[in-house]
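Asks: Need coordinates for the following:
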Amino acid sequence: MISHKDIFTLRQTMERPDFECYHYLDPVPPAIDFHEHAFYEIFFFLSGDVSYVIEGRTYQLRPGDILLTDNRDIHKPDIRRGKPYERFVIWIEPDFLTRTNDMGADLTACFTDASLKQYKLIRPESSVLSHLKGICEKMLRCRDSQEFGSSTLSYIYLVEFLVYLNRAYFATSEDIRKDVTENEKINELVSYINDHLSDDLTLDRLADACYISKSHLAHQFKTYTGLTLYQFIIKKRVTVARNLIREGEPVMEACTKCGFNDYSNFLKAFKREFGRSPKEFLKRP
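Replies: Alright, predicted model coming up:
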């Protein structure tokens with residue numbers, strides 16, 4: 001069992017080239033800021049008093065809830081004191097997840113649909129929940145085992161987990177939306193920003209696009225996302241730029257595609273977010 005302080009904000013690449021599975025238990029809630037990953041994340045909540053902000057929506061979690069985030073999502077848990085904070089976390093490289101499609105079913109389907117709907121919560125039925133938890137425990141035993149075939153078994157268990165995860169996702173009732181705090185205008189604004197990163201995203205332009213006053217927009221955006229408009233846009237731009245660079249896009253082209261008109265400003269923002277320059281990011285495993 002692993003306890004951590006702020007590993008989410010530190011890890012941008014994985015130790016393995018494919019996927020990792022962890023079990024965390026924190027008696028005292030860790031301090032975790034808004035962050036994003038270069039990989040996909042399955043957050044399997046077990047206990048605690050936690051709400052989770054993802055791109056302007058706040059999910060009030062119940063034990064057994066699962067959240068899906070991709071490599072563009074800006075997110076942050078709000079962990080309140082009083083209960084131990086326990087969860088499984090699975091990190092998967094996008095390329096590895098895509099390669100599982102060769103096995104037959106599209107195991108990326110839940111991630112794809114959640115990204116399209118911008119709705120990330122899964123609430124499995126009790127029997128499925130118990131099965132998913134058991135698979136996580138098997139993956140962890142394989143990770144720590146030196147027995148023959150343990151690594152192979154871990155891949156098999158991950159595929160099994162993804163099959164049941166997709167089933168749970170598409171079986172989740174719309175009734176769980178009552179545990180989500182959101183604002184239609186802010187959802188619209190976040191979608192607009194995601195679709196127009198290369199544009200000049202001034203407050204005036206965003207207010208006009210969403211038919212809302214500038215002052216009201218700025219206040220509501222901070223209320224629902226936890227970040228100012230400027231903070232969110234910069235985080236989103238460097239996040240998408242990082243993804244493009246990892247996929248082989250030249251740094252200058254990624255900079256331009258993500259709306260940075262000044263390369264030096266891009267470098268400063270990238271290093272501030274990820275702790276190193278784009279070239280250093282590519283060299284570091």
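Asks: Show me where this structure has its helices.
Replies: In the chain, the helices defined using DSSP state H lie at 7-10, 94-99, 109-117, 126-143, 150-171, 184-195, 203-210, 214-225, 229-246, 251-257, 263-274, 278-283.
Asks: Mind putting those into CSV with mean pLDDT, mean neighbour count and distance to R80?
Replies: C-beta coordinates here come from the backbone N, C-alpha and C atoms, glycine included. Listed next are the helices of the chain as CSV, based on pLDDT from 0 to 100; neighbours: other C-beta atoms under 10 Å; distance: least, C-beta to C-beta, whole Å:
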stretch, mean pLDDT, mean neighbour count, distance to R80
helix 7-10, 46, 16, 17
helix 94-99, 87, 15, 32
helix 109-117, 93, 16, 25
helix 126-143, 96, 16, 23
helix 150-171, 96, 17, 26
helix 184-195, 94, 16, 23
helix 203-210, 90, 15, 32
helix 214-225, 94, 17, 18
helix 229-246, 96, 20, 23
helix 251-257, 96, 17, 38
helix 263-274, 95, 16, 27
helix 278-283, 82, 15, 34
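Asks: Now render the ones you listed as a markdown table, adding distance to P63.
Replies: Listed next are those as a markdown table, based on distance: least, C-beta to C-beta, whole Å:
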| stretch | distance to P63 |
| --- | --- |
| helix 7-10 | 20 |
| helix 94-99 | 26 |
| helix 109-117 | 20 |
| helix 126-143 | 9 |
| helix 150-171 | 15 |
| helix 184-195 | 27 |
| helix 203-210 | 36 |
| helix 214-225 | 25 |
| helix 229-246 | 30 |
| helix 251-257 | 40 |
| helix 263-274 | 32 |
| helix 278-283 | 36 |
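Asks: Assess the claim that R87 and F45 are in contact.
Replies: Yes - between R87 and F45 there is a contact under C-beta atoms under 8 Å: 5.2 Å.
Asks: thinking again about what came up before, looking at the helices of the chain, which is nearest to P77?
Replies: helix 7-10 (8.3 Å; C-beta to C-beta).
Asks: between the helices of the chain, which one is nearest to D33?
Replies: helix 7-10 (5.5 Å).
Asks: Do you know the pLDDT at E15?
Replies: Note on E15: pLDDT of 64.
Asks: got it, and the one 5 residues further on?
Replies: In this model, E20 is scored at 94, pLDDT.
Asks: what comes into contact with stretch 271-278?
Replies: Under the contact criterion C-beta atoms under 8 Å, 6 or more residues apart in numbering, stretch 271-278 has outside partners 12, 234-235, 238-239, 241-242, 245, 251, 254, 267, 270, 281, 284.
Asks: Skipping its backbone neighbours, what lies nearest K279 in space?
Replies: V251 (7.1 Å; C-beta to C-beta, 6 or more residues apart in numbering).
Asks: Also I233?
Replies: L201 (5.4 Å).
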